[in-house]
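[1] sequence-free structure coming up:
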């Protein structure tokens, strides 16, 4: 498994520090760098946040924070429920 880019790790920590209501949800998720055709940005399965490193390297820290919050929102909003 690839190591999480520093920019994503930093964005994750900043999200948890700035938005404490998302901190526990963000902290419990496993972040995984993947290079798969189905994940062109970031995605979640409710347990993991999958990170496309090429995508995140093109973003600012604030944008990465926003994308992480977006993925956590899918879980918090039960958008993964069948």
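    Noted; the coordinates are in hand. Keep in mind the model is a prediction, meaning the values are calculated, not measured. Numbering: from 1, shown residues only.
[2] which SS class is residue 17?
    Judged by DSSP: H, G, I helix; E, B strand; the rest coil, the three-state class of residue 17 is helix.
[3] so who does the residue nearest to it when sequence neighbours are not counted touch?
    Excluding its sequence neighbours, the residue lying closest to residue 17 (Cβ to Cβ, 6 or more residues apart in numbering) is residue 23, at 7.7 Å. Quick note: C-beta positions are derived from backbone N, CA and C, even for glycine. By Cβ atoms under 8 Å, 6 or more residues apart in numbering, residue 23 lies in contact with 15, 16, 17.
[4] now render these as TSV, adding pLDDT and neighbour count.
    Formatted as TSV, the contacts of residue 23 follow (pLDDT from 0 to 100; neighbours: other Cβ atoms under 10 Å):
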residue	pLDDT	neighbour count
15	97	22
16	96	17
17	96	9
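[5] same list (those residues) but as CSV, adding distance to residue 39.
    Shown next, in CSV, are those (distance: Cβ to Cβ, whole Å):
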residue, distance to residue 39
15, 20
16, 23
17, 26
